[in-house]
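Q: after the sequence you'll find the predicted model.
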Amino acid sequence: MGPNSRKAGLAATTRPHLRPRTRGGVMRDMGRLDDARQLGERGHAFQPRDFRPCTLLGAVHMELGNFDEGRNWYVQAEERGASARTIDSELRGIFIRGDKIKREAMKAFLLAQDPNRYRWVHDKR
């Protein structure tokens, strides 16, 4: 089986229900947060038991400053199998990339949720 036939086989087995989630991640990386949110919601509708659309939506809402909504999506992600470690790593990345105002707001929110779990916000600038 040559490289072209393998690519064709992979394309044929691509599952369309994964596309919204994957595209949502790309949109998030490009800063197109509203598009990412919409695609994450579609992904969640297609796969309501999968944690991945929930983590995407959690991240998007945290980046938008909708901290309560982001937390709710992350809770759902954990209920569906996402690890707290993975979520915390994602939160650290969002926190570090935020501007000073967003970091301060996120810091206050996270510390109000769980000062022990999120104590790392004191070390990040």
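A: Cool, got the structure. Residues are numbered from 1 along each chain as shown.
Q: now do the same contact list for the residue minimising distance to the centre of the chain.
A: For the chain, the residue nearest the mean C-alpha position is Leu56 (2.7 Å; C-alpha atoms, centre = their mean). Contacts for Leu56 (C-beta atoms under 8 Å, 6 or more residues apart in numbering) come out as Arg21, Gly24, Gly25, Arg28, Ala36, Leu39, Gly40, Gly43. Any C-beta I mention is one placed from the backbone N, CA and C, and that applies to glycine too.
Q: for it, what is the enclosing helix or strand?
A: helix 51-64 (DSSP states H and E).
Q: what separates that helix from the chain centre, distance-wise?
A: In terms of C-alpha atoms, centre = their mean, to the nearest Å, the centre of helix 51-64 is found 3 Å from the chain centre.
Q: for the record, mean pLDDT for it?
A: Averaged across helix 51-64, pLDDT comes to 96.
Q: now do the buried residues in that helix.
A: 51-63 (16 or more other C-beta atoms under 10 Å).
Q: one more: stretch 113-125?
A: Tyr118, Val121.
Q: equivalent analysis for stretch 97-116, please.
A: In stretch 97-116, counting by 16+ other C-beta under 10 Å, buried: Gly98, Lys102, Arg103, Met106, Lys107, Phe109, Leu110.
Q: ok, residues contacting it?
A: 62-63, 65, 67, 71, 91, 94-95, 117-118, 121, 124-125.
Q: which members of those residues occur in helices, if any?
A: Among these, the residues falling in helices (DSSP state H) are Met62, Glu63, Phe67, Arg71, Leu91, Ile94, Phe95.
Q: top of these by neighbour count?
A: Met62 (24 neighbours; other C-beta atoms under 10 Å).
Q: which helix or strand in this structure has the lowest average pLDDT?
A: helix 3-13 (a mean of 43; mean pLDDT, DSSP states H and E).
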